[in-house]
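>>> Need coordinates for the below:
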Amino acid sequence: MIYDFHTHTYLSDGVLSPIELVRRAHARGYGVIAVTDHVGLADQARVIGTLLEDCRIAGEEWGITALAGVEITHVPIGRIGEAAKRARDLGAQIVIVHGETIVEPVEPGTNLAALRSPDVDVLAHPGMLSEEEAALAAEHGVCLELTARRGHSLTNGRVAAMGLAHGARLVVDSDAHAPEDLLTSELARGVALGAGLTAATAADALEANPQRLLAARGLA
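Numbering: from 1, shown residues only. Sure, this is the predicted structure:
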C-alpha cells in the first residue's frame, strides 16, 4: 500500500482538481493520500473547505483514505505556529510545513518553527537538516520527509542520516503537482533506499511511520 502525505492540486500550483488527483492515486494503488495545497494564512478556509468535501466524497465512493491537508509555505517564521493552528482549527487533517529546501529562498528558522508546533505532522524537504532539528523532530514526533520531488530530493541523504541518528520518523512523499509525479511502490522504495536507508528502515518509512502518524491524529 502506498502512503503519500504531500500532494498538490490546482487550488495551489498543481494541475489536477482534488477529486481527479485522488482518483488517479487510487488507480495507482494508493491506500492513503493527503492533498496538501500550499497556503499562507488568508487563504486557508477556501482551500481546506474544498479539500474536505472532495476527500470525503472520494473516500465514500472509492474506499481510499483521502485526507484534506495543507502545506504552509513561505510563511514568516513568527507566524508558522499560528498558521498551523489555524489550519487544524479549520479542519485540516494533515498539516505539513514547507521546509528549508536548498532550491528555494525559504526563511532561515522555518524548520525549527515548524518542529516546535504541536499542530505540524510533517516537515517537508527540510534541506540541510541540523542535529538540533533532527533531535527536535524525534522529541515532538514530527515526521521528516524524504521526497521524490526533483531538486528538493538533493538533500534526502542528509535528512535520512540525521533522522536515523536521532531517532526521528522518516516518511517518503511525492510532492506531486501532476499525475506523472504520483508514487509507485517501486519508486517510493527507491527513494528510501537511495537516501541510504536499509531494507528495515525503508519499511519503517514506507509503512510503519505513516501508520504511526495516522494513529497519532486519530485517522487510522
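>>> Which secondary structure state is assigned to residue 51?
Secondary structure, DSSP: H, G, I helix; E, B strand; the rest coil: residue 51 is helix.
>>> which ones are touching it?
Contact analysis of residue 51 by C-beta atoms under 8 Å, 6 or more residues apart in numbering lists 9, 11, 18, 35, 37, 68, 69. The C-beta positions use only the backbone N, C-alpha and C, and glycine is treated the same way.
>>> Residue 156 too?
Contact analysis of residue 156 by C-beta under 8 Å, 6+ apart lists 146, 147, 191, 194, 195.
>>> re earlier: highest neighbour count among the contacts of residue 51?
residue 35 (35 neighbours; other C-beta atoms under 10 Å).
>>> quick one: that one is in a helix?
No: looking at residue 35 with three-state DSSP, it is strand, so not inside a helix.
>>> need the contact list for it.
7-9, 18, 21-22, 51, 54-55, 66-69.
>>> Select from these every entry located in strands.
Among these, the members found in strands (DSSP state E) are 66, 67, 68, 69.
>>> Between these, which sits nearest residue 82?
The closest of the ones in strands among the contacts of residue 35 to residue 82 turns out to be residue 69 (C-beta to C-beta; 17.2 Å).
>>> And that closest one, what's its pLDDT?
For residue 69, the pLDDT comes out at 98.
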